[in-house]
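Engineer: Need coordinates for the following:
(one chain, ligands or ions: 2)
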Amino acid sequence: GTIAVPVSPHACQRRTTLNNRNRLFTDALNILAENAELSENEGPYLAFTRASSVLKSLPYNVTKMDDLKGIPNLGDHSRKLIEEILEGGTCNEVQDLIQNVRYQTLKKFTSIFGVGVKTADKWFKEGLRTLNELRASTIKFTKQQEAGLLYYEDLILPVTKVEADLIKQIIEEAVHRFLPSAIITLTGGFRRGKEYGHDVDFLITHREEGREEGLISKVISWMTAQGIILYDDITDNSYHKWKYKESETFDRFAKCFSIFKLQKMVHNLEPGRTCSHGSLAANETRGIGLAGHAGSPRHLTATAAKDKDWKAVRVDLVVAPFGQYAYALLGWTGSRLFERDLRRYAKHFGHMILNSHSLFDNKQNTFLLAATEEEIFAHLGLDYIPPQERNA
Ligand code: DGT
Ligand code: MG
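Structural biologist: Residues are numbered from 1 along each chain as shown. Ligands and ions are numbered 1, 2, ... in the order given. Alright, predicted model coming up:
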């Protein structure tokens, strides 16, 4: 007979591919997790996220409660939900939630680039419900939110792998103009093998440490002159100001949160078809086409024209010094839960502090250097998990 290998409660000790055999349950759990997140209930958010994640890692379809024997991270609430779905195909709590106006509205508002839960909740409490109500309001938006509203209909479309590869070529051309042997790596969900993403994440480095300094502003200036950049927000490297013994979620690399203007490929130009998921386009926009500019909230619609030959795509560029490259790569590959559990595992089982810059060993009072992700897993005492199996 076979010996059942126990399932680890740590996402960083499980192999989670994109082949999710329990989508019916994980979709439901993700909605409860999302609702908890939108209500700033951190505990339930984590509990539902962990429950969903452990089911994603199972190599079999759950068809009866007995299949869950010995599976960690499943609390009473999650088990009840699974049981209800096993019995009737749906879960009442989830069905109610997706009809809930607050849930729907906060989900919509937080899907705007630059809008977090606190802002979305504030607008909801002020009685606002739709994007056009936001656009018509007297709200003072940030530059990021203005861009988010201006390009909303494009930015909610999934970005395809083909588009991500195209953007990689554009960035390579721009970066190599200023730093010919710079290394550009596709990170985030696409590095984990996803076919679609909400944005495209890149990590840039150079073998000669220091050569990467100042790169990002040159690259963005050049691409802006080429008409490729619709929005950019550059943050300088601030690692020198950091108390390194912190395991915070955000890193201190030089980076740019941007929106690219991606020319559509010829085969996608048939009338009435947008890039690949045209039918998903939001239909809220009444405004007129391409003339919209960020100056006035009443013109926050630039992606309404169906026959326009470009698509707005969110792109994150991160620049890491070569000595921190492996840590940056690990930190920017995700998934979010995989990252969270790596840091938690480092802290509790290794007495180490992991972030996207370094690994600090509290017992030896020293930084552990690593040139590859494999070396970082080894420092942590973990089996190496390749990116395609980090879809926790
Ligand atoms: P998606 O939604 O298809 O883009 O999926 P992902 O997995 O690419 O998610 P994304 O783009 O939000 O983040 C990619 C990874 O990078 C994820 O593990 C979290 C991490 N990450 C995102 N933003 C930041 C940040 O500001 N600082 C740090 N250190 N990590 C970040
Ligand atoms: Mg991403």
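Engineer: which bits of this protein sit near ligand 2?
Structural biologist: 188, 189, 197, 199, 201 (CB under 5 Å from the ion). Glycine gets a C-beta too; all of them are placed from N, C-alpha and C.
Engineer: Sort out for me which of those residues are in helices.
Structural biologist: 188, 189 (DSSP state H).
Engineer: show me where pLDDT drops low in the protein?
Structural biologist: 1-2, 243-249, 267-298 (pLDDT under 70).
Engineer: Could you identify the longest helix within it?
Structural biologist: helix 161-178.
Engineer: Closest residue of the stretch 51-200 of the chain to ligand 2?
Structural biologist: residue 188 (3.2 Å; CB to the ion).
Engineer: so what's that residue closest to, chain neighbours aside?
Structural biologist: The shortest distance from residue 188 to any residue other than its chain neighbours is 3.3 Å, reached at residue 201 (CB to CB, 6 or more residues apart in numbering).
Engineer: What of residue 20?
Structural biologist: Here the residue nearest residue 20, using CB to CB, 6+ apart, is residue 56, at 4.8 Å.
Engineer: again with residue 32
Structural biologist: That would be residue 48: by CB to CB, 6+ apart, it lies 4.5 Å from residue 32.
Engineer: give me phi/psi at that neighbour?
Structural biologist: Main-chain dihedrals, residue 48, degrees, to the nearest 10: phi -70, psi -40.
Engineer: So what's the residue count around it?
Structural biologist: Residue 48 sits with 27 neighbouring residues when counted by other CB atoms under 10 Å.
Engineer: my guess is it meets residue 29, correct?
Structural biologist: Yes. At 5.0 Å, residue 48 and residue 29 qualify as touching, with contact defined as CB atoms under 8 Å.
Engineer: Find residues that contact each of these two.
Structural biologist: Common neighbours of residue 48 and residue 29, counting by CB atoms under 8 Å, 6 or more residues apart in numbering, are residue 78.
Engineer: I'd like the distance from stretch 39-50 to the chain centre, please.
Structural biologist: Its chain's average C-alpha position is 17 Å from that of stretch 39-50, according to CA atoms, centre = their mean, to the nearest Å.
Engineer: All further residue positions should be reported with the first residue as 481.
Structural biologist: Understood, numbering begins at 481; the last thing we discussed is stretch 519-530.
Engineer: So what touches that stretch?
Structural biologist: So stretch 519-530 is contacted by 489, 491, 509-510, 512-513, 516-517, 553, 555, 557-558, 597-598, 817 (CB under 8 Å, 6+ apart).
Engineer: show me what contacts residue 855?
Structural biologist: Residue 855 neighbours (CB under 8 Å, 6+ apart): residue 806.
Engineer: What's the separation between it and ligand 2?
Structural biologist: Distance, residue 855 to ligand 2, by CB to the ion, to the nearest Å: 24 Å.
Engineer: Where does that residue sit, in terms of helix or strand?
Structural biologist: helix 853-860 (DSSP states H and E).
Engineer: Give me the buried positions along that helix.
Structural biologist: Going by neighbour count (16 or more other CB atoms under 10 Å), the buried part of helix 853-860 is 853, 856, 857, 859, 860.
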